Structure formats: C-alpha cells, structure tokens
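# Output the structure for:
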Amino acid sequence: MHTMSEFARPISDRQLDVSGLKCPMPILRTKKTLAEMTSGEVLEIHATDPATKDDLAAFARQTGHVLLQLIETEACLVFYLKRK
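The predicted structure is shown next:
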C-alpha cells in the first residue's frame, strides 16, 4: 500500500546521497551540487545525520533555495530542495 507522501514527492533533477556523513559535510556537498545545477531544478538529498534536518532548513533560508519537502523514514531523511 502506498502512502499519500509517496505520490506527492516532487520530481528531482539530480540525487545526492550524503548518508553516513556528519555535519558539515552534507551541507557542503549540497552546496557544491547546487552550484552545478540551473535555477528551478530540484535536488533530492538522502541524509542520515539528524542534524541535517535543521542545518538544511537554515541553509535554504539563508541562500534563497526552497525546501519543497522533507520525508523522514526510519532509515534516512529525504529532502527536496529547489535551486533558486
């Protein structure tokens, strides 16, 4: 059975797996990947460090990128970030 969130997930243009990395590496990798993308593209980020939740939200606010969605599972956090 599918949950509503599975159908509502944004379409991503690129994926970034920072699972297993601790702060500040997930943000640094995210920043580097976003620099290679064009405005309006969506980056899907998979992370396991709980601190990434607050760090990525703050990063989005400070840089103007849009955090479209955060999905929390037992295994990881999945973020959808739209490049400004």
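# Relative to Thr38, how far out is Leu70?
Leu70 sits 23 Å away from Thr38, going by CB to CB, to the nearest Å. Bear in mind the C-beta positions are built from the backbone N, C-alpha and C, glycine included.
# show me what contacts Arg14?
Contacts of Arg14 were listed using CB atoms under 8 Å, 6 or more residues apart in numbering, and they are 33, 37, 41-44.
# Among the residues you listed, which ones are in strands?
42-44 (DSSP state E).
# Using TSV, please lay out these together with pLDDT and neighbour count.
Below are these laid out as TSV (pLDDT from 0 to 100; neighbours: other CB atoms under 10 Å):
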residue	pLDDT	neighbour count
Val42	98	18
Leu43	98	22
Glu44	98	20
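# Columns distance to Arg83 on top of the residues you listed, output as CSV?
CSV is the format used below for the ones in strands among the contacts of Arg14 (distance: CB to CB, whole Å):
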residue, distance to Arg83
Val42, 8
Leu43, 7
Glu44, 12
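# Just give me the neighbour total for Asp49.
Counted with other CB atoms under 10 Å, residues neighbouring Asp49 total 18.
# Same check on Ala8?
Counted with other CB under 10 Å, Ala8 comes out at 9.
# Can you give me every residue that contacts it?
Listed by CB under 8 Å, 6+ apart, the contact partners of Ala8 are Gln69.
# ok, and the closest non-adjacent residue to Ala60?
Distances taken as CB to CB, 6 or more residues apart in numbering put Leu67 closest to Ala60, at 4.3 Å, once the chain neighbours are dropped.
# secondary structure class for that neighbour?
Secondary structure state of Leu67, per DSSP: H, G, I helix; E, B strand; the rest coil, is strand.
# Go through this protein and flag its longest helix.
Under DSSP state H, the helix in the chain containing the largest number of residues is helix 51-63.
# residues of that helix that come out buried?
52, 55-56, 59-60 (16 or more other CB atoms under 10 Å).
# Can you pull the poorly scored residue ranges out of the chain?
Scanning the chain for pLDDT under 70 picks out the ranges 1-7.
# if you set the cut-off to 90 instead, what comes out?
The chain contains residues with pLDDT under 90 at 1-9.
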